[in-house]
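Colleague: Have a look; sequence and predicted model below, questions after that.
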Amino acid sequence: MRFVRLASVLALALMTVACSKDVTVQAPTIAVTDLGSSSKTPGKYAVWIQTGGWNTEVKAAGYTCSAWSFPMALEGGYSSAAQSAFSQSFGSVQFITDTLKPADLKAQGFDAQIIVYQGGLSASFNPVAGFWTASLSASLGIDGTVAVVGPSGLTSQGTAKGIATGGSEDSMFASCGDAAEAIAAAGQVALKNFVLDAVNQAKLNVLEMRLKAQNASTPVTQ
């Protein structure tokens, strides 16, 4: 039994020949039931979702499998998932490719613009040796900023995060290449968590914008 456990560890440790394997992260499915509220926020919104900042090369957290690298791009799955979630959460949305000036928002009939900026991305994987088997575990975290701009300018902003872990199936002799499966799984869950957090934050920001506008238009009584 001790030999089997040692063999599983050695199988991972011996995978030190430099190698690279691309990781494809599928778009997460986001249903209405996943959202914090099933009711749509009324109004017409221009939505800009920043892309291009979440490409990285995932490396091992320790020495084992350290010669391996996994180029990963979250962009494809991110854009489609975010657009689906915002469309389900707001009354009318138009996805654009840049920010608009407050005057342009009013001229085009938008109540506000929702902007989701990409922030940091951290990712790594780690071999896990069991008594009889070995597997690989990956962790991934992303963050960003959600801002709402109204006809009078920036009204509010907040942060959004997506954190997840994923793992490959246990096997007698795990390969470092199996980390691609774990990274892809963690990436998909992290994307979903981030998008849900961004939508909820945008809803709160819009509510704050409306409250500010309401308070500004309400006369103060002595």
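Modeller: Noted; the coordinates are in hand.
Colleague: For the rest of this, base every contact and every neighbour count on C-alpha atoms.
Modeller: Will do.
Colleague: The chain: strands as residue ranges?
Modeller: If DSSP state E is used as the criterion, the strands of the chain fall at 19-20, 23-24, 41-49, 55-60, 68-73, 90-95, 112-129, 134-150, 153-167.
Colleague: Residue 192 is nearest to which of the ones you listed?
Modeller: Residue 192 sits nearest to strand 153-167 of all the strands of the chain, at 7.3 Å, using CA to CA.
Colleague: sorry, back to before: from the strands of the chain, which stretch is densest packed?
Modeller: Here the criterion is mean neighbour count by mean count of other CA atoms under 10 Å, and of these the winner is strand 134-150, at a mean of 23.
Colleague: what angle do that one and strand 55-60 make?
Modeller: Angle between the axes of strand 134-150 and strand 55-60 is 150 degrees (criterion: axes from the mean of the first three to the mean of the last three CA atoms, to 10 degrees).
Colleague: gap between residue 29 and residue 64?
Modeller: Counting by CA to CA, to the nearest Å, the gap from residue 29 to residue 64 is 33 Å.
Colleague: thinking again about what came up before, and the strands of the chain: which comes nearest residue 195?
Modeller: Here strand 153-167 is closest among the strands of the chain (CA to CA), at 7.7 Å.
Colleague: which sections of the chain are below the confidence cut-off?
Modeller: Applying pLDDT under 70 to the chain flags the ranges 1-18, 128-134, 167-174, 217-222.
Colleague: ok, residue 180 touching residue 19?
Modeller: No. Residue 180 is beyond contact range of residue 19, at 12.0 Å (criterion: CA atoms under 8 Å).
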